[in-house]
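**Q** Prediction below, plus the sequence it came from.
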Amino acid sequence: MFADIIRPLTLTLLLLLPLGSNQQVPSNCVIKREQEKCMEMMALHDSSSEFDCPWFWDNLTCWQPAKVGDVIEVNCP
C-alpha cells in the first residue's frame, strides 16, 4: 500500500526536476550577446591603418585587430 503511493509520487517528482533546475540561458542567446558586444567594440574603435587585420566577428568569436605576425588568443564564449 505504501509503495503504491510513494512510487507515483517519486516518478512525478523526478519528471518535474528538470523543469526547476534548467535555468540556463540558451547558447544562441549567449552568442548573440557576444556578437552585439563585438559590434559595439568595432564601432568604438575606428579601424585605423595602425592594424593590418581589423576587428572580426566569425559568428562565434570576436577577434580584436592585430598587426601582421601578431598572435591573438580569445576564450571560447
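**A** Ah, there it is.

**Q** alpha carbons only for contacts and neighbour counts from here, please
**A** Noted.

**Q** quick check: mean pLDDT across stretch 51-62?
**A** Regarding stretch 51-62, the rounded mean pLDDT is 92.

**Q** What lies in contact with that stretch?
**A** 31, 34-35, 38, 42, 47, 63-68, 74, 76-77 (C-alpha atoms under 8 Å, 6 or more residues apart in numbering).

**Q** For it, buried residues please.
**A** C53, P54, W55, W57, T61, C62 (16 or more other C-alpha atoms under 10 Å).

**Q** just stretch 31-50 next, same as before
**A** Result for stretch 31-50 [16+ other C-alpha under 10 Å]: buried residues E34, Q35, C38, M39, M42.

**Q** any idea which helix or strand carries the third one?
**A** Per DSSP states H and E, C38 falls inside helix 27-44.

**Q** mind saving the C-alpha coords of that helix as PDB?
**A** The C-alpha trace of helix 27-44 is given here as PDB (Å, rounded to 0.1, in the frame of the first residue of the first chain):
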ATOM      1  CA  SER A  27      23.700  29.200 -26.000                       C
ATOM      2  CA  ASN A  28      22.300  31.100 -29.000                       C
ATOM      3  CA  CYS A  29      21.400  34.000 -26.700                       C
ATOM      4  CA  VAL A  30      25.000  34.000 -25.300                       C
ATOM      5  CA  ILE A  31      26.400  34.100 -28.800                       C
ATOM      6  CA  LYS A  32      24.000  36.800 -29.900                       C
ATOM      7  CA  ARG A  33      25.100  38.900 -26.800                       C
ATOM      8  CA  GLU A  34      28.700  38.300 -27.700                       C
ATOM      9  CA  GLN A  35      28.100  39.500 -31.300                       C
ATOM     10  CA  GLU A  36      26.400  42.600 -30.000                       C
ATOM     11  CA  LYS A  37      29.400  43.400 -27.800                       C
ATOM     12  CA  CYS A  38      31.800  42.800 -30.700                       C
ATOM     13  CA  MET A  39      29.800  45.200 -32.900                       C
ATOM     14  CA  GLU A  40      30.000  47.800 -30.200                       C
ATOM     15  CA  MET A  41      33.800  47.400 -29.900                       C
ATOM     16  CA  MET A  42      34.100  47.700 -33.700                       C
ATOM     17  CA  ALA A  43      32.100  50.900 -33.600                       C
ATOM     18  CA  LEU A  44      34.000  52.400 -30.600                       C
END
